[in-house]
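Enquirer: Provided below for reference: sequence and predicted model.
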Amino acid sequence: MTLRQFDRSEEEVRSEESAMTRGKQKIEAQRKNAERNQKAKGSQIEARAVGLKVICPICKVQLANHNQLVDHYGSKHPKENPPSESG
Ligand SMILES: [Zn+2]
């Protein structure tokens, strides 16, 4: 009788432990997912901020593309030649 009770309680404890472990893993997975989502959002915002790809080497102003850099050179640095698009 006592032995049987002991066996049962041990089984219960074991199943409880595994349930706890599963719950913990689930919570951890959710946390990791949330972190991953946050990181993805952050990188999207960063990518948007980095959308200005061309930087004037003279005054370091940021421009959206090479055409704007050429315009910028024409108005701000008319004596300088804008760098080539490939470079
Ligand atoms: Zn400039």
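Expert: Nice, I can see it. Because the structure is predicted, anything quoted here is derived from the model rather than measured.

Enquirer: For the rest of this, base every contact and every neighbour count on C-alpha atoms.
Expert: Noted.

Enquirer: residue ranges with poor pLDDT in this structure?
Expert: Where the chain drops to pLDDT under 70, the residues are 1-8, 40-51, 86-87.

Enquirer: ok, the residue of the chain found nearest the ion to His66 distance?
Expert: Residue of the chain nearest the ion, by CA to the ion: Cys59 (4.1 Å). Using CA to CA, to the nearest Å, Cys59 is found at 15 Å from His66.

Enquirer: Assign the residue most central in space within the chain to helix, strand or coil.
Expert: Most central in the chain under CA atoms, centre = their mean is Lys39, positioned 2.5 Å from the mean C-alpha point. Of the three states, Lys39 takes helix under DSSP: H, G, I helix; E, B strand; the rest coil.

Enquirer: Please enumerate the helices of the protein.
Expert: 2-49, 66-76 (DSSP state H).

Enquirer: Same list, those helices, but as CSV with distance to the ion please.
Expert: As requested, the helices of the chain are arranged in CSV below (distance: least, CA to the ion, whole Å):
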stretch, distance to the ion
helix 2-49, 19
helix 66-76, 6
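
Enquirer: for these, which one sits closest to Pro82?
Expert: Across those, Pro82 has its closest neighbour in helix 66-76 (5.8 Å, CA to CA).

Enquirer: May I see the buried residues of that closest one?
Expert: Of the residues in helix 66-76, 66, 69-70, 72-73 count as buried by neighbour count, 16 or more other CA atoms under 10 Å.

Enquirer: cool, and stretch 78-87?
Expert: Neighbour-count burial for stretch 78-87 flags Pro82 (criterion: 16+ other CA under 10 Å).
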